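*Asks:* have a look at this prediction, sequence included:
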Amino acid sequence: MRMTVGPLPAGVYWRRRVIVLGALLVVVLLLAWACGDSGGTPKSSPTPGHGGAGHGPANGGATGSPGGSADPTMPTHSEPPDGLSTDGPQAESTPPPDDQAPVPRPTGPAPGCSDDDMSVTVRTASERIPAGSYPTLFLTIGNGSSHACTRDIGADAQELWITHDGHRVWSSDYCKPNHGKDVRRFDPGVRVTFHLIWDGRGANRTCSTRTTLSRGDYELHGRAGGAASDPSRFALT
């Protein structure tokens with residue numbers, strides 16, 4: 001079929017068609033290049049700087065105050081540790097003596113222990129105790145004789161007390177004392193240790209007056225019934 005090209009020579013129209021096709025080809029190539037570039041690897045997001053908002057410390061890290069960690073001061077009167085009572089001595093352990101061989105346990109009931117059979121000792125957790133703190137007091141009851149015997153070492157038989165210049169300033173029997181009996185068999189050399197958390201304050205017999213004891217030298221005493229300990233000295237600082 002013969003094409004109509006107008007009044008100009010046919011070569012002119014062919015040149016125009018070639019130019020238009022070339023331009024279209026260039027446009028298609030540019031579009032293809034632009035689409036290929038946008039489908040590449042995206043740029044990484046910028047990391048927030050120190051001044052930007054972010055997450056808290058990882059793995060439970062602590063956030064401190066400017067200038068380092070605080071140095072708290074001990075309160076005038078601290079609280080006793082959880083799970084420990086201040087009302088009366090409580091049993092801690094019943095260890096056999098380390099320096100003696102086990103003694104065969106005789107059959108049949110053992111006689112009662114006399115006061116002379118018993119060994120009673122007391123001590124504080126430290127010889128120097130900060131005033132107003134909650135120190136631990138220890139009462140150890142044992143059989144110091146060469147024969148087995150039984151003894152009531154319950155709360156009614158136990159007492160710890162503190163003296164200052166010969167005057168009693170506190171006793172475990174003054175404020176909400178525990179009550180009860182606990183008759184145990186003691187083989188020779190066997191000891192039982194009790195502990196008590198003292199609140200660091202003095203008390204009268206009716207527990208109507210409670211004051212923090214002043215700094216100075218004190219003595220701790222203890223008993224199991226009529227068997228008493230020697231005093232153990234300590235200082236409130």
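*Replies:* Received it, and whenever you're ready, just let me know what you need.
*Asks:* just for this structure, where's the confidence low?
*Replies:* Regions of the chain meeting the criterion pLDDT under 70 cover residues 1-8, 37-108.
*Asks:* which residue ranges of it form helices?
*Replies:* The residue ranges that make up the helices of the chain, judged by DSSP state H, are 10-38.
*Asks:* bridged to residue 233, which residues?
*Replies:* Taking DSSP bridges, one obtains residue 219 as the residues bridged to residue 233.
*Asks:* for residue 215, see how far away it is.
*Replies:* 14 Å (CB to CB, to the nearest Å). Quick note: C-beta positions are derived from backbone N, CA and C, even for glycine.
*Asks:* give the contact list for the residue lying closest to residue 210 once chain neighbours are set aside.
*Replies:* If you skip the residues right next to it in sequence, residue 210 has residue 201 as its closest partner in space, 4.8 Å away by CB to CB, 6 or more residues apart in numbering. Residue 201 makes contact with 170, 210, 211, 212, 213 under the criterion CB atoms under 8 Å, 6 or more residues apart in numbering.
*Asks:* burial measure for residue 189, as a count.
*Replies:* Around residue 189 there are 19 other residues, counting by other CB atoms under 10 Å.
*Asks:* torsion angles phi and psi at it?
*Replies:* Geometry field for residue 189 lists phi and psi as phi 90, psi -10, criterion degrees, to the nearest 10.
*Asks:* measure it to residue 149 for me?
*Replies:* Spatial separation of residue 189 from residue 149 under the definition CB to CB is 12 Å.
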